[in-house]
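*Asks:* how would this look folded up:
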Amino acid sequence: MHNGWIKLHRKTLLSPVFGDSKKLKLWMLCLLKASHTERKQVVGNQVIILEKGQFVTGRVSLTMDYNRDVIGTERVSEQTLWRWMKFLEKEGMLSIKSTTKFSVITVVNWNIYQISGQEDESQMNNKLATNEFLLNTNNNVNKVENLKKVNKNNSRQSSTSDVDLENAHLLYQLIQENEYLEEPNFERWVNHFRILRNNGHDDNTIKYLIEFSQRDSYLQTIIRSAEDFKVHYPRIYMCSGVGEVM
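*Replies:* Coordinates of the predicted model:
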């Protein structure tokens with residue numbers, strides 16, 4: 001969600017929120033969170049198909065996103081933010097379709113303001129992403145080979161399996177798709193996955209939950225490392241609907 005570009009149309013100058021910095025921030029947040037492609041998103045036990053210009057949120061998650069790094073009296077309450085969202089809807093800037101658990105927000109006229117000329121930007125992004133991916137892949141291959149040698153020669157890590165390496169790199173690659181992340185200490189990441197597996201967690205379940213954590217719009221904001229994944233494993237397990245946590 002944090003990769004790519006959005007366009008800011010000059011009509012924003014005529015927007016009813018332009019003179020209100022806090023409402024303008026909320027509108028920018030909506031534009032940045034909106035999906036630029038049609039995609040599926042898992043919310044609880046439900047799969048939501050998002051069209052271009054849509055995103056899933058809730059009052060709590062929206063409040064957390066808006067107030068990130070904001071302290072004290074500058075923080076905006078959940079009730080106020082949702083009232084502003086209703087204001088944006090009333091002004092025809094977005095539409096809100098709510099259920100008892102979440103809301104799907106649609107940015108009105110997204111295609112008009114964002115799609116025109118997007119092909120050139122997409123080509124540029126694809127080129128940059130390809131170069132970065134190739135560089136990261138080469139570095140990651142070297143890391144994996146080095147870790148395999150360490151695992152063979154270090155008796156302290158004799159219980160580490162190749163699946164732990166695979167899980168570490170799977171999580172890293174999925175995080176990279178959502179937001180840039182500097183290459184971590186893979187030896188530490190591998191150790192966290194080894195601990196999970198040695199605690200009796202099935203490798204297939206671990207892999208599924210890695211993918212689930214980076215598809216979920218809320219979980220992907222808090223799972224930024226293998227340690228985060230290990231700490232929040234029970235929470236991810238419950239949210240995924242795989243079953244009851246033992």
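*Asks:* helix or strand: which one has the residue nearest the centre of the chain?
*Replies:* In the chain, the residue lying closest to the centroid (C-alpha atoms, centre = their mean) is Gln220, at 3.8 Å. In this structure, Gln220 sits in helix 219-222 according to DSSP states H and E.
*Asks:* mind listing what's buried in that helix?
*Replies:* 219-221 (16 or more other C-beta atoms under 10 Å). In this view, the C-beta of every residue, glycine as well, is placed from N, C-alpha and C.
*Asks:* can I get that helix as PDB, trimmed to CA atoms?
*Replies:* C-alpha atoms of helix 219-222 as PDB (Å, rounded to 0.1, in the frame of the first residue of the first chain):
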ATOM      1  CA  LEU A 219      -1.800  -6.300  10.200                       C
ATOM      2  CA  GLN A 220       0.600  -5.300   7.500                       C
ATOM      3  CA  THR A 221       1.200  -2.000   9.400                       C
ATOM      4  CA  ILE A 222       2.300  -3.800  12.600                       C
END
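*Asks:* and the contacts of it?
*Replies:* Outside helix 219-222, the residues that touch it by C-beta atoms under 8 Å, 6 or more residues apart in numbering are 1, 64-65, 175, 178-179, 212-214, 228, 232, 236, 239.
*Asks:* that one: what's the following helix or strand?
*Replies:* Using DSSP H and E, the helix or strand that follows helix 219-222 in sequence is helix 226-231.
*Asks:* could you give the average pLDDT over that next one?
*Replies:* The pLDDT scores in helix 226-231 average 93.
*Asks:* check the offset of that helix from the chain's centre.
*Replies:* Centre-to-centre, helix 226-231 and its host chain are 15 Å apart (C-alpha atoms, centre = their mean, to the nearest Å).
*Asks:* Gly241: how many residues sit nearby?
*Replies:* Counted with other C-beta atoms under 10 Å, the neighbours of Gly241 add up to 11.
*Asks:* which residues touch it?
*Replies:* Gly241 sits next to 44-45 when contact means C-beta under 8 Å, 6+ apart.
*Asks:* got the buried residues of helix 219-222 as TSV, with distance to Ser77 columns?
*Replies:* Converted to TSV, these look like this (distance: C-beta to C-beta, whole Å):
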residue	distance to Ser77
Leu219	24
Gln220	25
Thr221	20
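*Asks:* show me which of those residues is closest to Ile71.
*Replies:* Nearest to Ile71, judged by C-beta to C-beta, of the buried residues of helix 219-222 is Thr221 at 18.4 Å.
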